[in-house]
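Colleague: Starting from these lines, generate the structure:
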Amino acid sequence: MVPINSCHRRIQTDAKVPDDDAINGVESERQAEAYVYTLYLFSTRSEDVANQVNERLQQAGHDTRILVNENESPARYRVAVAGFDSLQAAEEYAASIVGTAGIADSWIGKDRPQSAD
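Modeller: Presented below is the predicted three-dimensional model:
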């Protein structure tokens, strides 16, 4: 069995300076809709290992995919579940999958959605 990463952390991939509302815990509807969340379950530099882990998770019924970061050398392959509308939804899914299918931990990324243009 392929070892699974062993850390649970949140990463923010599109950082910005928070406004007064964000500092006070208030997020406008426009700001909330401006992001999607990705739950990362596994990361490796081996495409073959990433494919094995992804296949195992898909066979267990999870809608995972491999995201490739080719900006790193060598490339990094991350097995993830993408497209959560809220941080809470991503956290709830993480709670349901961590400890199953060989997943020990996870981390969540916050990304701007791609425009439909």
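
Colleague: what mean pLDDT does stretch 94-109 have?
Modeller: Regarding stretch 94-109, the rounded mean pLDDT is 90.

Colleague: oh, I was asking about stretch 50-57
Modeller: Computed over stretch 50-57, the average pLDDT equals 95.

Colleague: residues in contact with that stretch?
Modeller: With contact meaning CB atoms under 8 Å, 6 or more residues apart in numbering, stretch 50-57 is reached by 2, 4, 41-42, 44, 64-66, 77-79, 101-103. Bear in mind the C-beta positions are built from the backbone N, C-alpha and C, glycine included.

Colleague: and with 10 Å instead?
Modeller: The contact list for stretch 50-57 (CB atoms under 10 Å, 6 or more residues apart in numbering) reads 1-4, 41-44, 46, 62-68, 75-81, 97, 100-103.

Colleague: List only those of those residues flagged as buried.
Modeller: 4, 41-44, 62, 64, 67, 76-81, 97, 101, 103 (16 or more other CB atoms under 10 Å).

Colleague: Take the residues you listed and keep only those in strands.
Modeller: Secondary structure from DSSP state E places 41, 42, 43, 44, 67, 76, 77, 78, 79, 80, 81 of those in strands.

Colleague: distance of the fifth one from residue 89?
Modeller: Read it as residue 67. 18 Å (CB to CB, to the nearest Å).

Colleague: What segments of the chain are helices?
Modeller: Using DSSP state H, the helices of the chain run over 20-23, 29-33, 47-59, 87-97.

Colleague: Please identify which of the ones you listed is closest to residue 108.
Modeller: helix 87-97 (4.9 Å; CB to CB).

Colleague: list the helices and strands that closest one packs on?
Modeller: strand 9-12, strand 36-44, strand 76-84, strand 107-111 (3 or more CB pairs under 10 Å, 6 or more residues apart in numbering; DSSP states H and E).
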